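[1] Model the structure of this input:
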Amino acid sequence: MTRIFVTGGSGFVGGAVIRHFVSKGDDVRAMSRSEKSDATVQKLGAAAIRCDLENVTAGHIGNAEAVVHCAAFVEQWGPKDAWKRFNVDGTSRMLAAAKAAGVRRFIHISTESVLWRGQSLRDVDETYPLAPNSPYPYAATKAQAEQLVKAANAPGFETIILRPRFIWGPGDTTLLPTIEHMAKTGGWMWVDHGRAMTSTTHIANLVHAVDLALTKGKGGEAYFILDEGVRSMHEMIAGMAAARGVTLPEKSIPAWLADAIGAACEGLWRTFPLKGEPPLT
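    You can find the predicted model right below:
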């Protein structure tokens, strides 16, 4: 039996990680920030530990042998400092707490976005340079977090980075609900008819990769975790929606126009500032 501490346990990825390791008979503790989160992770079979990325200590992690760090600020919109506060500072705090607790393996769930400055990414591998200065805050801060995780790798405290892309599958609490809401409210629109090609990562493949990283991964390394082949965004998103009985409209706008509108909306919301989220970012 392995003792594991999971962050982001009430979310899509963290919840799947908890479910998997509990089913194997492992002892799983999960970071929890609220009573609602307590109930979610406890229902999955984990012990709820009340803390967050801003106050976590070695005491919260306890005698865990491994940490699976899934929590991150993934929103497309938010306070300017939110991405750094959670993705960089939060990861730094998790690394320090885990090391102080005597954790031997730290698995960091990252993203292919760590490479993205706005360019197309085709047939890249783990040698492709990070983009810590990306103009996109999520990409930049996740890249900076990777730098911290890799630098922390040491004998007795092995750190391993996993990079999924377009995570999908049962239990999705983010993308599919957003798509359904936009379709029902008339807000859905394709960009370039959804022709862009993408790699994908089924949640079961990502969880399997976490399991392998805990037992066979090499400390200090980053690994892309992807399904076989590539698919168009239209194929993926329309298929996911259809599985829920939702038919998406075919209306579309060019990518250059979507970029221009998104930039204008962000500028307006930051300048004034306006309430709520921009309609496009």
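
[2] What segments of this structure are helices?
    All helices of the chain, identified by DSSP state H, fall at 12-23, 35-44, 58-61, 82-83, 90-101, 137-152, 175-184, 203-215, 233-243, 255-271.

[3] Identify all contacting residues around the shortest one.
    Applying C-beta atoms under 8 Å, 6 or more residues apart in numbering, the contact partners of helix 82-83 are 73, 75, 137, 138, 140, 141. In this view, the C-beta of every residue, glycine as well, is placed from N, C-alpha and C.

[4] Can you tell me the closest non-neighbouring residue to residue 233?
    Spatial nearest neighbour of residue 233, excluding adjacent residues (C-beta to C-beta, 6 or more residues apart in numbering): residue 194 at 4.4 Å.

[5] From residue 107, how far off is that neighbour?
    Distance from residue 194 to residue 107, counting by C-beta to C-beta, to the nearest Å: 33 Å.

[6] returning to that earlier point: of the contacts of helix 82-83, buried ones?
    73, 137, 138, 140, 141 (16 or more other C-beta atoms under 10 Å).

[7] May I see these arranged in TSV, with distance to residue 245 as well?
    Formatted as TSV, the buried ones among the contacts of helix 82-83 follow (distance: C-beta to C-beta, whole Å):
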residue	distance to residue 245
73	31
137	35
138	31
140	38
141	36
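
[8] Farthest pair within these?
    Farthest pair in these (C-beta to C-beta) is 73 and 140. Separation: 12.1 Å.

[9] export stretch 109-129 as CSV, just CAs?
    Coordinates of each C-alpha in stretch 109-129 appear next as CSV, following Å, rounded to 0.1, in the frame of the first residue of the first chain:
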residue,chain,number,x,y,z
ILE,A,109,0.5,17.5,-13.8
SER,A,110,1.5,20.1,-16.4
THR,A,111,0.3,20.8,-19.9
GLU,A,112,1.6,21.1,-23.5
SER,A,113,0.9,24.8,-23.2
VAL,A,114,4.2,25.2,-21.4
LEU,A,115,5.7,25.4,-24.9
TRP,A,116,3.2,27.8,-26.4
ARG,A,117,4.0,31.4,-27.4
GLY,A,118,1.2,31.5,-30.0
GLN,A,119,2.9,29.3,-32.6
SER,A,120,1.7,26.0,-34.1
LEU,A,121,3.1,23.0,-32.3
ARG,A,122,3.6,20.0,-34.6
ASP,A,123,5.6,16.9,-34.0
VAL,A,124,7.4,18.4,-31.0
ASP,A,125,9.0,16.3,-28.3
GLU,A,126,10.3,16.8,-24.8
THR,A,127,13.4,18.6,-26.0
TYR,A,128,11.4,21.6,-27.3
PRO,A,129,12.1,24.7,-25.2
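
[10] Give me the contacts around that stretch.
    8, 13, 68-70, 72, 130-131, 133-136, 138-139, 142-143, 145-146, 149, 161-165, 199, 206, 210, 221-224.

[11] What subset of those is buried?
    Neighbour-count burial (16+ other C-beta under 10 Å) applied to the contacts of stretch 109-129 gives 8, 13, 68-70, 72, 130-131, 134, 136, 138-139, 142-143, 145-146, 149, 161-165, 199, 206, 210, 222-224.

[12] which stretch in the helices of the chain has the least confidence?
    Among these, helix 255-271 has the lowest mean pLDDT, at a mean of 69.

[13] show me where pLDDT drops low in the stretch 51-200 of the chain?
    Applying pLDDT under 70 to the stretch 51-200 of the chain picks out residues 76-78.

[14] how much space is there between residue 92 and residue 235?
    Distance check for residue 92 against residue 235: by C-beta to C-beta, it reads 39 Å.

[15] what's the answer for residue 111, then?
    21 Å.

[16] repeat for residue 251
    Applying C-beta to C-beta, the value for residue 251 to residue 235 is 18 Å.

[17] okay, the two: which has more neighbours?
    Taking neighbours as other C-beta atoms under 10 Å, residue 251 and residue 235 compare with residue 235 leading, 15 against 10.
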